[in-house]
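Chemist: Have a look at this prediction, sequence included:
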Amino acid sequence: MARALSCAGAEVIGPCPSDRAARAELEERRPHAVLLDINLGPGPSFTLADSLKDIGVPFVFITGYDQDVIPGRFDDIERLQKPVQLRQVVGAISKALDGLQRQ
């Protein structure tokens, strides 16, 4: 996915294999948007999702899990079901960025 996004013109940071690695990247730079796998490392990445919301970085969940696994506080966040196609990811990220511009 990272290679496909790079070929589509995105500057890709990562992938980050763990919550800790993702937080380290966030300390170094502020991404325009994030693709967030629910299972980032040993467990759910919902605390990272909370942090992204707090700092205003739009994100999209990408997961193999059903919607009911995601806490209700993230009902406004798009969820892409694995496996995903590049056009789905680009569309979801574009939508998330568009929502940020409207705020």
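Modeler: Right, received. Where do you want to start? Owing to the predicted nature of the structure, the values given are computational and were not obtained by experimental measurement. Numbering: from 1, shown residues only.

Chemist: Spatially central, which residue of the protein would that be?
Modeler: residue 35 (2.4 Å; Cα atoms, centre = their mean).

Chemist: For residue 29, see how far away that one is.
Modeler: Distance from residue 35 to residue 29, counting by Cβ to Cβ, to the nearest Å: 16 Å. Just so you know, the C-beta spots here come from the backbone N, C-alpha and C atoms, and that holds for glycine as well.

Chemist: Ok, residue 57 next?
Modeler: Residue 57 is 11 Å from residue 29, where distance means Cβ to Cβ.

Chemist: Name the residue in those two with the higher neighbour count.
Modeler: With neighbours defined as other Cβ atoms under 10 Å, residue 57 and residue 29 compare such that residue 57 has more, 17 against 8.

Chemist: what sits against that one?
Modeler: 26, 30, 31, 32, 33, 34 (Cβ atoms under 8 Å, 6 or more residues apart in numbering).

Chemist: So for it, what pLDDT did the model give?
Modeler: As predicted, residue 57 sits at a pLDDT of 95.

Chemist: Same question for residue 33.
Modeler: For residue 33, pLDDT reads 93.

Chemist: who touches residue 70 in this structure?
Modeler: Contacts for residue 70 (Cβ under 8 Å, 6+ apart) come out as 38, 46, 61, 63, 77, 79.

Chemist: Please consider this matter closed, and thank you.
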